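Undergrad: Sequence first, predicted coordinates after that:
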Amino acid sequence: MKSFSIKTFIVVLLSAGTLVSNAQITTPRTPSPAASASQTIGISNVSVNYSRPSVRGREVWGKMVPYGWNKQTFGLGNDAPWRAGANENTTIEFSHDAKFAGKNVPAGKYGLFFVVNADNSGEVILSKDNQSWGSFFYIASNDQMRAPIQLRDIPHAERLTYDFINIDQNSAELVLNWEKKQFPVKVEFAVNDIVMANAAEELKGVKGFNWIGPNSAANYALQNNTHLEEGLKYANQAVAANNSFTTNRVKAGLLTATGKGAEAEQLMKGSIDLATEAELNVYAYQLMGQNNDDKALELLLLNAKKHPESANVWDSLGDGYLKKGDNKNAIKSYKKCLTLNPNPALKAVSEQHLKDLGVSI
């Protein structure tokens, strides 16, 4: 029989290993199960994939997880940070360009590492290598960024956990909690820039073929006081497709925000007749929110004239008078609302206003 070469033997051995691996059933990963944590910020997403070791009565900091940078006894043997979990690299992925611990980070997936020091100072590191096992093959030249962090003391957390806290419109704080330490890192997205850039792409497709898409982009710009000139361009597009009170109101808001108040006022004056009952009501409340109470009351009176049978119109007119401090006419308006068979919720609101004004029901 012809003997195998070493090369042939290795191929056969590897093939046998693959067959064995593929034949095994899927079983739970213990003692550090896999987990993930994710958070949407604006329209962007950040997600962390990791494994969760437990304390199990062991001394974690300075023992299981050595302080500072540590030379690996396997792999490349380099000085390396902590893998920020167990098993494979802990990874973090950003759907859009972000700031991480104040550093600019391009969208993508990274290996996530931490350094912890005895004085509760530390460091967070993102590596472009997101596929290695633990810290054994860490190479500093693959770092995308490094930044200092300050650890916090927390109540005991038995199992290592990632979470997102202190969430607002543009940012959140990613925290790793384990034993009695918390590793906090702020994640930030330029939400307004991302939303408007995404709108530009979406409006190249089917959403740009009617008035609703451009109007929603214009309204986002208006409500968030961002990209106003770009928003005005979308508003013009929406008005051209649908000359309505809704589209004109958004355009007028952007005209005002860009210093064209007289043009905005003229536009709205010519759009009043296009308004539905609900649109006129919403606009009046918007004006009250801007403390333009005289104009709001004028519109509410017009709505009551055009829709005298609407209980909601009279309740709103009562609110307009109340905002102006005219309690006498507010009472008349709320009482008128109650004569028009309002729905239970509206009835309760008008009755409460009357009670607050000292009127017995």
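TA: Nice, I can see it. Numbers count the residues shown, from 1 in each chain.
Undergrad: biggest strand in this protein by residues?
TA: strand 171-188 (DSSP state E).
Undergrad: Run through the neighbouring helices and strands of it.
TA: Packing partners of strand 171-188 (3 or more C-beta pairs under 8 Å, 6 or more residues apart in numbering; DSSP states H and E): strand 34-41, strand 44-51, strand 98-100, strand 108-116, strand 121-127, strand 143-150, strand 152-165. The C-beta positions use only the backbone N, C-alpha and C, and glycine is treated the same way.
Undergrad: Out of those, which gets nearest to Asp319?
TA: In terms of C-beta to C-beta, the element of these nearest to Asp319 is strand 34-41, at 35.3 Å.
Undergrad: The closest one pairs with which strands?
TA: strand 44-51 (antiparallel) (DSSP bridges).
Undergrad: was I right about Ile167 contacting Gln39?
TA: Yes. With contact defined as C-beta atoms under 8 Å, Ile167 reaches Gln39; the gap is 6.8 Å.
Undergrad: of these two, who's got more company?
TA: Between Ile167 and Gln39, counted using other C-beta atoms under 10 Å, Gln39 has the larger neighbour count: 18 against 13.
Undergrad: Can you name the residues that contact the residue nearest to the more buried one when sequence neighbours are not counted?
TA: Of all residues not flanking Gln39 in the chain, Phe164 sits nearest, at 4.0 Å (C-beta to C-beta, 6 or more residues apart in numbering). By C-beta atoms under 8 Å, 6 or more residues apart in numbering, Phe164 lies in contact with 37, 39, 46, 172-175, 187.
Undergrad: Can you lay out those as a markdown table showing pLDDT and distance to Lys335?
TA: Converted to a markdown table, these look like this (pLDDT from 0 to 100; distance: C-beta to C-beta, whole Å):
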| residue | pLDDT | distance to Lys335 |
| --- | --- | --- |
| Ala37 | 98 | 55 |
| Gln39 | 98 | 50 |
| Val46 | 98 | 54 |
| Ala172 | 98 | 49 |
| Glu173 | 98 | 52 |
| Leu174 | 98 | 55 |
| Val175 | 98 | 55 |
| Val187 | 98 | 54 |
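Undergrad: Go through those and say which is closest to Gln290.
TA: Distances from Gln290 to these, taken by C-beta to C-beta, are shortest for Ala172, at 31.3 Å.
Undergrad: Can you get me a residue count around the closest one?
TA: Counted by other C-beta under 10 Å, the residues lying close to Ala172 total 20.
Undergrad: before we move on, back to that, give the buried residues for the helix or strand just after the longest strand of the chain.
TA: Once the chain leaves strand 171-188, the next helix or strand it forms, by DSSP states H and E, is helix 191-202. In terms of neighbour count (16 or more other C-beta atoms under 10 Å), helix 191-202 has its buried residues at 191-192, 194-196, 199.
Undergrad: Next one: the residue most central in space within the chain from Thr90, what distance?
TA: Geometric centre of the chain, nearest residue: Ile41, 2.3 Å, by C-alpha atoms, centre = their mean. Between Ile41 and Thr90 the distance is 20 Å, computed by C-beta to C-beta, to the nearest Å.
Undergrad: again, but for Ser141
TA: From Ser141 across to Thr90, the span is 20 Å (C-beta to C-beta).
Undergrad: do Gln237 as well
TA: Gln237 is 45 Å from Thr90, by C-beta to C-beta.
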